[in-house]
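Participant: here is the input, now give the coordinates:
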Amino acid sequence: MISASKSKLLSFASYTVSTNPPCPFTQRGFSGSAGASAQEKPAGSGPSEDKVHLTESCVKRLGEIMEKGEYLRIHVEGGGCSGFQYKFSVVSDKTEDDRLFEQEGVGVLVDQDSLEFVKGATVDFTQELIRSTFLVLKNPQADHGCSCGSSFSVKL
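Facilitator: Model (predicted):
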């Protein structure tokens, strides 16, 4: 099933790469990135391959902006200049297919198909002069990211 989901997304990615310009996703102040390294250590326990790790700044920011019953959803889809891109959204509904990663009262949802592309990755929140954003960093499933930092290619 894992191979099937990767091949299905790879087929979709080859179509969207040629038809969509590389552009970071932005919604409610969130944008995705495949940055090379985290500046902050993940909060919580040690690494786990089937887990998405959250940095202390990510947990703190989610605690500030999320209302009760809301989650940050991370979704991977075909697109961007490297083949795949991260999508972030705030949702209040959880499906059977979702994995919930909770820490200090905040939650991040990842659907099973997307989890295959982000398991073991770290989600961070950075605040700079020109932007504030959530980023996916240290993704062991990513081969490399594009120069604009909005997409990644998958290790096969």
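Participant: okay, CA-based contacts and neighbour counts for the rest of this
Facilitator: Will do.
Participant: this structure: helices as residue ranges?
Facilitator: 2-19, 56-65, 112-118 (DSSP state H).
Participant: my guess is Val106 contacts Gly69. True?
Facilitator: No: counting by Cα atoms under 8 Å, Val106 does not reach Gly69; the two are 9.1 Å apart.
Participant: residue ranges with poor pLDDT in the chain?
Facilitator: 1-48, 145-150, 155-156 (pLDDT under 70).
Participant: make it 80
Facilitator: Along the chain, segments meeting pLDDT under 80 span 1-49, 80-82, 142-156.
Participant: which residues in it form strands?
Facilitator: 53-54, 71-79, 83-91, 98-103, 106-111, 122-127, 132-137, 142-145, 151-154 (DSSP state E).
Participant: looking at these, which is buried most?
Facilitator: Greatest average neighbour count among those goes to strand 53-54 (a mean of 28), per mean count of other Cα atoms under 10 Å.
Participant: now for that strand, which elements pack on it?
Facilitator: strand 122-127 (3 or more Cα pairs under 8 Å, 6 or more residues apart in numbering; DSSP states H and E).
Participant: alpha carbons of the strand it packs on, in PDB - could you do that?
Facilitator: The C-alpha coordinates for strand 122-127 follow below in PDB (Å, rounded to 0.1, in the frame of the first residue of the first chain):
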ATOM      1  CA  THR A 122      10.200  18.000  12.500                       C
ATOM      2  CA  VAL A 123       7.700  20.800  12.300                       C
ATOM      3  CA  ASP A 124       9.000  24.200  13.400                       C
ATOM      4  CA  PHE A 125       7.700  27.800  13.600                       C
ATOM      5  CA  THR A 126      10.000  30.600  12.600                       C
ATOM      6  CA  GLN A 127       9.500  34.300  12.900                       C
END
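Participant: what does it rub up against?
Facilitator: With Cα atoms under 8 Å, 6 or more residues apart in numbering as the test, strand 122-127 has contacts from 38, 40, 42, 52-58, 61, 132-139.
Participant: how does it look with 7 Å?
Facilitator: 42, 52-55, 57-58, 132-139 (Cα atoms under 7 Å, 6 or more residues apart in numbering).
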